[in-house]
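S.K.: A structural model of the following input is requested.
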Amino acid sequence: MAISKKELEFNINDDQMRLKITTLERELSKIAEGGGKKRLEKLHESGKLSARERIDLLLDPSTERFEVGAIAGYGMYKEHGGCPSAGVVVVIGFISGKQCIVVANDATVKAGAWFPITAKKNLRAQEIAMENKLPIIYLVDSAGVFLPMQDEIFPDKEHFGRMFRNNAIMSSMGIVQIAAVMGSCVAGGAYLPIMSDESLIVNKTGTIFLAGSYLVKAAIGESIDNETLGGAKTHTEISGVCDYKTENDQECLATIRDLVDKIGHPEIAGFDRKESVLPKKPLKDIYGIMPVDRTKQYDTKELLRAFVDGSEFTEYKADYGKSIICAYTRIDGWSVGIVANQREIIKSAKGEMQFGGVIYSDSADKAARFIMNCNQKNIPLVFLQDVTGFMVGSKSEHGGIIKDGAKMVNAMANSVVPKFTVITGNSYGAGNYAMCGKAYDPRLIVAWPTAEIAVMSGASAAKVILQIEVASLKAKGEEITPEREKELYDSIKDRYDEQISPYYAASRLWVDAIINPADTRKVISLGIEMANHKKAEKPYNVGVIQT
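M.R.: Model prediction:
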């Protein structure tokens, strides 16, 4: 039996997606090794567990978890030997049945020293805790600021010091903070345990001090060893800095589990949930639906049917503003409002052909109204981005595309229900903003391996930049042959393509993770469960909107 063209394309897409997922899994496996096997062996010899081993022991077995920023630092700081996972592991998971966020320094990476991306990742973890009123557990094992880059991590607003400001703010918000000193806790970082609600320290391996023994000797001439200066006995019997002394990592983690077990249950935000129903389509059908070629069209509704409950949704204004799909549905039982870019070429209400992935005035208007409705009904929002931007040209400008786009951005930015963003394909220009990009505070933002994030596509950007460079070279009297022009174009496009890769975005924490598309349901469900810990602090109000 002959295979149809559609089936052939599905199989090609499926193969390519599986290759991308294999690449992702391979890179994550390398990242999980941290500073390498030799450093891990050295850590074990000192009686300590690795950051990931500690988290595995701390979290409830066989429960869902989500790692934030595993790819942070990817390909960065090569001149300093790299910084896998930014030197800190951050996981949202369950401890004694309660959802928490865990932040664990990886001492195999430069002794857990803080690079600029480390600070950014720690602040992201605290942001998640504050937005969702999640208990936060710090497993401290860090040599402090990475001194060769101190100017990029120490003094600015979003640098190292912001962490301690957040400790104070979270305490005032009633967010539980528990710090376990399981290794070094030096200099400014020494404030973390005492600014947390409760602190633990591991005997003989945990130390806390503003300055270590060598610096103390240099500064004031006092000779003292680190254990006497700031070890477990000192801080539980003399200074009173720590509340619990434990004999090893295992006892420390067991004590944390016991402390979390006693935390009272929070008031919930009241998001609606029913029994979860799997999609009628297999989850991995997503692989074959997403085109390998990012310029190709496809029906976004097919994607929705592959991961929403029962493959069913109620579409809002189905025949109006068709380049954006707005729909009520459920994901793992949770009620959600979906805002998704339609990637098919479609006819508008006026019979005009509209490009897939482009936001038109009617679509922006529809999405704004839908977002307002979800806020009115206390329904979390899920944005599926595969967007090339807003429609350009005189017709769009005269029709008020900027005004309608601003209306959508306003409605989305002021949303008080939690927002979650999944970048499935293109995320270009102002489309990234309108569809709840990182700047608009999604509770979680993740990308599929097919994602591309930039002002415009690599090909389009290369053409624009090429024109500028060629004009500049000609102005200097250089003759540009077609061969030289192609060489310039390829060089520009290669550089730009590297920057639009999801790995480039994830390494800089523009997205929280690159995920297997089949895990989309799980990630959104875990995110809504997290968001359900905290009610909106203010009523929904969009302010002034031009109509």
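S.K.: ok, what's across the strand from Ile136?
M.R.: Listed beta-bridge partners, Ile136: Ile101, Gln177 (assigned using DSSP bridges).
S.K.: ok, it - contacts?
M.R.: Cys100, Ile101, Val102, Val103, Ala125, Gln126, Ala129, Met170, Ile175, Val176, Gln177, Ile178 (CB atoms under 8 Å, 6 or more residues apart in numbering). Glycine gets a C-beta too; all of them are placed from N, C-alpha and C.
S.K.: Recalculate using a threshold of 7 Å.
M.R.: Cys100, Ile101, Val103, Ala125, Gln126, Ala129, Ile175, Gln177 (CB atoms under 7 Å, 6 or more residues apart in numbering).
S.K.: Ok, Ala536 next?
M.R.: Applying CB under 7 Å, 6+ apart, the residues near Ala536 are Val416.
S.K.: That one should be in a helix, yeah?
M.R.: No - Ala536: not assigned to a helix; according to DSSP: H, G, I helix; E, B strand; the rest coil it is coil.
S.K.: So which of the contacts of Ile136 is the closest to Gly527?
M.R.: Ile101 (11.9 Å; CB to CB).
S.K.: Would you mind naming the helix or strand containing Tyr540?
M.R.: Taking DSSP states H and E as the definition, Tyr540 sits outside all helices and strands.
S.K.: isn't it right next to Val417, touching?
M.R.: No - proximity of Tyr540 to Val417 does not meet the contact threshold set by CB atoms under 7 Å, at 8.0 Å.
S.K.: so Val409 makes contact with Tyr433?
M.R.: Yes - assessed by CB under 7 Å, Val409 is found in contact with Tyr433 at 6.2 Å.
S.K.: Could I get the contacts of Ile136 in JSON lines, plus columns for neighbour count?
M.R.: JSON lines is the format used below for the contacts of Ile136 (neighbours: other CB atoms under 10 Å):
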{"residue": "Cys100", "neighbour count": "23"}
{"residue": "Ile101", "neighbour count": "23"}
{"residue": "Val103", "neighbour count": "25"}
{"residue": "Ala125", "neighbour count": "24"}
{"residue": "Gln126", "neighbour count": "24"}
{"residue": "Ala129", "neighbour count": "25"}
{"residue": "Ile175", "neighbour count": "22"}
{"residue": "Gln177", "neighbour count": "21"}
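S.K.: now, which of those residues sits nearest Glu53?
M.R.: The closest of the contacts of Ile136 to Glu53 turns out to be Val103 (CB to CB; 15.3 Å).
S.K.: what residues do Tyr540 and Val417 have in common as contacts?
M.R.: Asn375.
S.K.: Between those two, point out the one with more neighbours.
M.R.: Val417 (22 against 16; other CB atoms under 10 Å).
S.K.: Please convert the contacts of Ile136 to a markdown table, extending it with pLDDT.
M.R.: A markdown table is the format used below for those (pLDDT from 0 to 100):
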| residue | pLDDT |
| --- | --- |
| Cys100 | 98 |
| Ile101 | 98 |
| Val103 | 98 |
| Ala125 | 98 |
| Gln126 | 98 |
| Ala129 | 98 |
| Ile175 | 97 |
| Gln177 | 98 |
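S.K.: Make a markdown table from these and add distance to Lys42 to it.
M.R.: Formatted as a markdown table, those follow (distance: CB to CB, whole Å):
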| residue | distance to Lys42 |
| --- | --- |
| Cys100 | 29 |
| Ile101 | 28 |
| Val103 | 23 |
| Ala125 | 26 |
| Gln126 | 30 |
| Ala129 | 32 |
| Ile175 | 35 |
| Gln177 | 30 |
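S.K.: What is the nearest of the residues you listed to Ser427?
M.R.: Distances from Ser427 to those, taken by CB to CB, are shortest for Ala125, at 23.5 Å.
S.K.: if I've got this straight, that closest one is in a helix?
M.R.: Yes - counting by three-state DSSP, Ala125 is located in a helix.
S.K.: wait, isn't it in contact with Ile101?
M.R.: Yes - the pair Ala125 / Ile101 is scored as a contact, 5.7 Å apart, by CB under 7 Å.
S.K.: which residues are in contact with both of these two?
M.R.: Val90, Ile136.
S.K.: check which helix or strand covers Ile524.
M.R.: Element membership for Ile524, per DSSP H and E: helix 520-531.
S.K.: Give me the distance from that helix to the chain's centre.
M.R.: Its chain's C-alpha centre and that of helix 520-531 lie 13 Å apart, by CA atoms, centre = their mean, to the nearest Å.
S.K.: ditto for stretch 253-270
M.R.: On CA atoms, centre = their mean, the centre of stretch 253-270 falls 24 Å from the chain's centre.
S.K.: again with stretch 287-303
M.R.: For stretch 287-303, the distance to the chain centre is 23 Å (CA atoms, centre = their mean).
S.K.: what residues does it touch?
M.R.: With contact meaning CB under 7 Å, 6+ apart, stretch 287-303 is reached by 10-14, 16-18, 286, 306, 325, 340-345, 356, 424-426, 450, 452, 517.
S.K.: Mind doing that once more with 6 Å?
M.R.: For stretch 287-303, the surrounding residues in contact (CB atoms under 6 Å, 6 or more residues apart in numbering) are 10, 13-14, 16-17, 325, 340, 342-345, 356, 425-426, 450.
S.K.: what do you get for stretch 5-25?
M.R.: With CB under 6 Å, 6+ apart, stretch 5-25 has contacts from Tyr287, Gly288, Met290, Pro291, Val292, Pro449, Ile514, Asn516.
S.K.: cool, and stretch 429-440?
M.R.: Contacts of stretch 429-440 (CB under 6 Å, 6+ apart): 359, 383, 385, 387, 389-390, 408-409, 412-413, 419, 421, 442, 445, 455, 510.
S.K.: Also stretch 305-324?
M.R.: Contacts of stretch 305-324 (CB under 6 Å, 6+ apart): 277, 279-281, 285-286, 304, 326-331, 342, 346, 354, 358, 360, 362-363, 366-367, 370, 520-521.
S.K.: Among the residues you listed, the buried ones, what's the ChimeraX command?
M.R.: Restricted to buried positions by 16 or more other CB atoms under 10 Å, the ChimeraX selection for those reads:
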select :279,281,285,286,304,326,327,328,329,330,331,342,354,358,360,362,363,366,367,370,520,521
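S.K.: Inside strands: which ones of the contacts of stretch 429-440?
M.R.: Under the assignment DSSP state E, the contacts of stretch 429-440 contribute Ile359, Phe383, Gln385, Val387, Gly389, Phe390, Lys419, Thr421, Ile445 to strands.
S.K.: PyMOL command for the buried members of those residues?
M.R.: Buried residues within these, by 16+ other CB under 10 Å, are selected in PyMOL with:
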select buried, resi 359+383+385+387+389+390+419+421+445
